[in-house]
Each structure stands twice: as structure tokens, then as C-alpha cells.
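[1] here is the input, now give the coordinates:
(2 chains)
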Number of protein chains: 2
Amino acid sequence: MRTHELVLHWIEKQLSDGQLLLGGRLPAERALAEQLQVSRTSVREAIRILEAMGVVRAGVGSGKDAGTVVIAEPASALGSALRLHVATQHLPVADIVETRALLESWAVARAKPDTPALAEAARLLEEMDAHAAVDDFLGLDVRFHVALAEAAGNAVVSTMMGSLREAIEGYAAALTANLPDWETTAARLRAEHRAILQAVNDGDGERAAELVAAHIHGFYREAGLGQAPD
Amino acid sequence: MRTHELVLHWIEKQLSDGQLLLGGRLPAERALAEQLQVSRTSVREAIRILEAMGVVRAGVGSGKDAGTVVIAEPASALGSALRLHVATQHLPVADIVETRALLESWAVARAKPDTPALAEAARLLEEMDAHAAVDDFLGLDVRFHVALAEAAGNAVVSTMMGSLREAIEGYAAALTANLPDWETTAARLRAEHRAILQAVNDGDGERAAELVAAHIHGFYREAGLGQAPD
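    Residues are numbered from 1 along each chain as shown, chains lettered A, B, ... in the order given. I've put the predicted structure just below:
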């Protein structure tokens, strides 16, 4: 095992033993290096990897804000990893889109009416009505879909759904900005969002699942991305 | 942007522009540091992150095997990241199991009969008949499920399914090894595998999906892991 892997292994064990909790701080770099008898370079490499995995945020401040804190932000970290594998063309964009549709269909079919996540989704739709600029709209759009996914109560599905979206966000945003008639697209997306939320609130999971799958495929199709082969 | 992130950004751009391909090599650490005007430490940190994401394998040899090669091994990399988030208790084991059942049900329902992946799955079942030791059996079991998932032809679903399994493999293996009567469990798993493959080969996707979901939930339930709340 290489020395930075020793450090990773030690930190993982601290986490799974409950010695190190969410919000807790890692020992300082120098102390950790001494304790594990490795170089500070190896400690820093391990911390960079944990940052990239969304497991810690490395300290930048001093005083009570100093130090490296344990966090839980897997979606964006996994999204970056997936994006790199899309870049190498190992993971096709069409497969990303299809998987996203699968996870979100499942989530809306399971979403429970009258949950705080659905109230948040409804609030975001109001906000989207007031925002026409592509960037603002798409930012709210992400949060709407995450809120929908969260209403199903499975943290892994929400995380993966968020990471898939993040993996191809750059492509989608660039293409959306070039659409000939964004106003028309935005009006259609707003109407589709309302219909999905309505089906969930009506307890009609099957219809919600169909609508969200059509909505996702339609969005990427219009943007010219992720044509599934069938 | 921190300096190691500059390096990551540059490498990602090389990949998405097609300047750097799967199987290709990164410039040597020193050359990359000079080109991007950063320290060699920053280059090495970026490479460690890419290794952890399954995007490169850092060179250990010399001569023609030297250098850092672009690879595509996302499943085990994502699995390590998920495992860390299971360790912090951000991602519940029950949600991992449920998501795995969801992805595999979808995959077997879409799997096409008479594909090479299904022939490989059948071959692995033969091999499993000849292996009774827990570790050998579970290793083949992983490969059987991966082959099934691959028969659906979605690389993202196969990758995520592999990463979910990897995230909780340590727990499952430890618990499986402690089962009171492994022989009986193994016989049941063998029979279930055959029934799933038979349903796929019969083109009965719906039945295959039901069987694989029951198989996955049953396995983890027996091991004492991942009881879904309902």
C-alpha cells in the first residue's frame, strides 16, 4: 500500500468506527504525519483525494475555522468523476440521460405527497416563473429536480441523480443557451414541471413517472444531446 | 482556483478535446509542471485525484511501461467514494441496497437474449457450481451480476450497479462468512441465479426484474444488512 493510501485507510477506519463524525475535524497535517509515520506530502495527497470525493473540506481559515472538516457532499464529487469518464468517452451521454430518467421516474413514482421536499419543489416553480434568463432558470431547475428526487426518501438515488445531471450540465447549458427560441422552451418546461408535480400530489405515481421520463428525454433531445439509440 | 485544480482542469480539457485518449499517456510530471507553471507537488496531487476517480493509472515501471496512463475504471473508484459516505452514515446501507435492486431490475428487464454478456453469465454459473468457498463464490457472484447488467447495454447503469455493490461489499462479505449454514445459502443463491438467467433468456423481462429484486433483498436480509423500512 502506498503511503497516501495508508492515510486514506486510517481516516476511513476512523469514520466507520465513529471516532470521526460529520462536522468533526481531522488532526492537523503535521500531527497526522507524525502519528502515522508518513510524510506531510502523503497526508496532503490523501486529503486532496477526500476533498475530491466530497468527504472533507480542507481548511483555509485560521482560529476556530481552521482545519479539515468532515462533510457529506457526494453528488457533486461523483458528478465530477462521471464527467471525466464522459470526457474519455467511456460513458456515453445517452446512457447518462437514460439512467437519469430511470432514477427520476422511480423517485417520482415513490414520492410521498405532502412532504417538505414537495413543498420546496412547488416554491421553486413559483420562483422559476419569475426568472427567464437561461442560467437562473437552469439553476432553479436543478433544485426542483433534486427536491422531487428527495421526496422519495432514498439518499443514494438523490445523490446519483444529482451526479448524473452534474456530469453533463456543461454540455446541456451550452446547448440550451443556443436554442433558437428559449422563451418557448422555458414555457414548455414550466408547464411540464407543473404537470409532474400535480401527478405526484395526486398520488398518481405511474403518470408522474411517465411525465418525468418524457420531460428529461425531451429536454436533452431539444438540446441535441443524448439521443437514445431506440 | 487552487494550483492542483488548474492541472485537473487542463487534463479534463485535453480529454474532452480528444488530445488525450484512453490508453494514452500524460506528459511526465516535470514537463507538465513546467508547461502549466505549477509545482510538481500540485501535478502529483492532481494525478492522485485522477487515480482515485479511476481515470488514470500512475506509472510504476520504467521504459515503455513508465508514465501515467489514461484508463476507464469508474466503478471501483465510485464505489470507494460511496463507501466513505456510507462510513460517515450520510448514505444509509438500506438505500444502497434499494438502489442496486432498482438498477438491476431495470437492467434484466432490458437485457437482450443471446448476447455475449449473457453467455458469460451462463459460464459464470457453471464455475460457481464448482466453487463452494465463500470468497471464491462471492467473487464469481459479482462478475455474474455485472455480466447481467452489461446485457442491457447501458454503461452508466453497469458502472453504478458495480459501484453500489463495491460500497457495501466489505460488510456483506464479513456477514456472509458468519452465516450459520453457508452451504444452504449458496445452494439457494445458485438456484435463484439460474431462474433469473432463465427468465432473461425466455425474454420475460418482467419476471426477471421481480426475481432479481427479490434475490438482492433476500441476500442482504439474510446477511442482516439493509433492511428497507417498508
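
[2] the spatially most central residue of chain A - nearest residue in space that isn't next to it in sequence?
    Geometric centre of chain A, nearest residue: A:Gly162, 2.5 Å, by Cα atoms, centre = their mean. The shortest distance from A:Gly162 to any non-neighbouring residue, by Cβ to Cβ, 6 or more residues apart in numbering or on different chains, is to A:Ala75 (3.4 Å). Where C-beta positions appear, they are placed from N, C-alpha and C, glycine not excepted.

[3] so what touches the helix or strand bottoming out on mean pLDDT in chain A?
    Of the helices and strands making up chain A, the lowest-confidence element is helix A:169-177, at a mean of 78, by mean pLDDT, DSSP states H and E. Defining contact as Cβ atoms under 8 Å, 6 or more residues apart in numbering or on different chains, one finds that helix A:169-177 is touched by A:79, A:83, A:93, A:134-135, A:138, A:142, A:182, A:185, A:219-220, A:223-225.

[4] now do stretch A:194-204
    A:108, A:111, A:113-114, A:118, A:121-122, A:125, A:148, A:151, A:205, A:207-208, A:211-212, A:215.

[5] among those residues, which are in reach of chain B?
    The subset of these within reach of chain B, by Cβ under 8 Å from any Cβ of the partner chain, is empty.

[6] for the residue nearest to the centre of chain A, what are its contacts?
    A:Ala75, A:Ser76, A:Gly79, A:Val142, A:Val146, A:Ala149.

[7] quick one: buried ones out of the residues you listed?
    Buried subset of the contacts of A:Gly162 (neighbour count, 16 or more other Cβ atoms under 10 Å in any protein chain shown): A:Ala75, A:Gly79, A:Val146, A:Ala149.

[8] dump these to CSV, plus distance to A:Leu26, pLDDT and secondary structure.
    Below are the buried ones among the contacts of A:Gly162 laid out as CSV (distance: Cβ to Cβ, whole Å; pLDDT from 0 to 100; DSSP: H, G, I helix; E, B strand; the rest coil):
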residue, distance to A:Leu26, pLDDT, secondary structure
A:Ala75, 22, 92, helix
A:Gly79, 24, 93, helix
A:Val146, 28, 91, helix
A:Ala149, 31, 93, helix
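
[9] now, the most widely separated pair of these?
    Distance extremes for the buried ones among the contacts of A:Gly162: the farthest pair is A:Gly79 and A:Ala149 at 13.9 Å, using Cβ to Cβ.

[10] and the residue nearest to the centre of chain A, what pLDDT?
    With respect to pLDDT, A:Gly162 scores 91.

[11] quick one, phi psi at it?
    phi -60, psi -40 (degrees, to the nearest 10).

[12] same check on A:Arg25?
    According to degrees, to the nearest 10, A:Arg25 has phi -110, psi 140.

[13] one more: A:Val70?
    The phi/psi pair for A:Val70 (degrees, to the nearest 10) is phi -80, psi 120.

[14] equivalent analysis for A:Ser80, please.
    Torsion angles, degrees, to the nearest 10, at A:Ser80: phi -60, psi -40.

[15] repeat for the one 10 residues further on
    Main-chain torsions, A:His90, degrees, to the nearest 10: phi -70, psi -40.

[16] assign the nearest residue to it once chain neighbours are set aside to helix, strand or coil.
    Spatial nearest neighbour of A:His90, excluding adjacent residues (Cβ to Cβ, 6+ apart): B:Ala72 at 3.5 Å. What DSSP: H, G, I helix; E, B strand; the rest coil gives for B:Ala72 is coil.

[17] surely B:Ala72 and B:Val56 touch.
    No. Using Cβ atoms under 8 Å, B:Ala72 makes no contact with B:Val56, being 10.0 Å away.

[18] tell me which of those two has more neighbours.
    Neighbour count, other Cβ atoms under 10 Å in any protein chain shown: between B:Ala72 and B:Val56, B:Val56 has more, with 26 against 17.

[19] mind listing what that one touches?
    B:Leu26, B:Ile47, B:Leu50, B:Thr68, B:Val69, B:Val70, B:Ile71.

[20] next: A:Ala132.
    A:Ala132 neighbours (Cβ under 8 Å, 6+ apart): A:Glu183, A:Ala186.

[21] phi, psi for it please.
    Residue torsions, per degrees, to the nearest 10, at A:Ala132 are phi -110, psi -20.

[22] what about the closest residue to A:His217 other than its chain neighbours, which helix or strand?
    Distances taken as Cβ to Cβ, 6+ apart put A:Ala101 closest to A:His217, at 6.0 Å, once the chain neighbours are dropped. According to DSSP states H and E, A:Ala101 maps onto helix A:93-110.

[23] helices or strands up against that helix?
    If contacts are counted by 3 or more Cβ pairs under 8 Å, 6 or more residues apart in numbering or on different chains; DSSP states H and E, helix A:93-110 sits against helix A:74-87, helix A:134-150, helix A:155-167, helix A:182-201, helix A:205-222, helix B:93-110, helix B:155-167.

[24] still on that earlier bit, between the contacts of B:Val56, which is nearest chain A?
    Within the contacts of B:Val56, proximity to chain A (Cβ to the nearest Cβ) peaks at B:Val70, which comes in at 6.3 Å.

[25] which residues does that closest one form a beta bridge with?
    Applying DSSP bridges to B:Val70 gives these bridge partners: B:Val56.

[26] in chain A, where is pLDDT below threshold?
    Scanning chain A for pLDDT under 70 picks out A:60-65, A:225-230.

[27] how's it carved up into domains?
    A:3-70, A:74-222 (automatic domain parsing).

[28] run the chain-centre distance for the last one.
    Domain A:74-222 has its C-alpha centroid displaced from the chain centroid by 10 Å (Cα atoms, centre = their mean, to the nearest Å).

[29] start and end of that domain, how far apart?
    End-to-end distance for domain A:74-222, by Cα to Cα, to the nearest Å: 29 Å.
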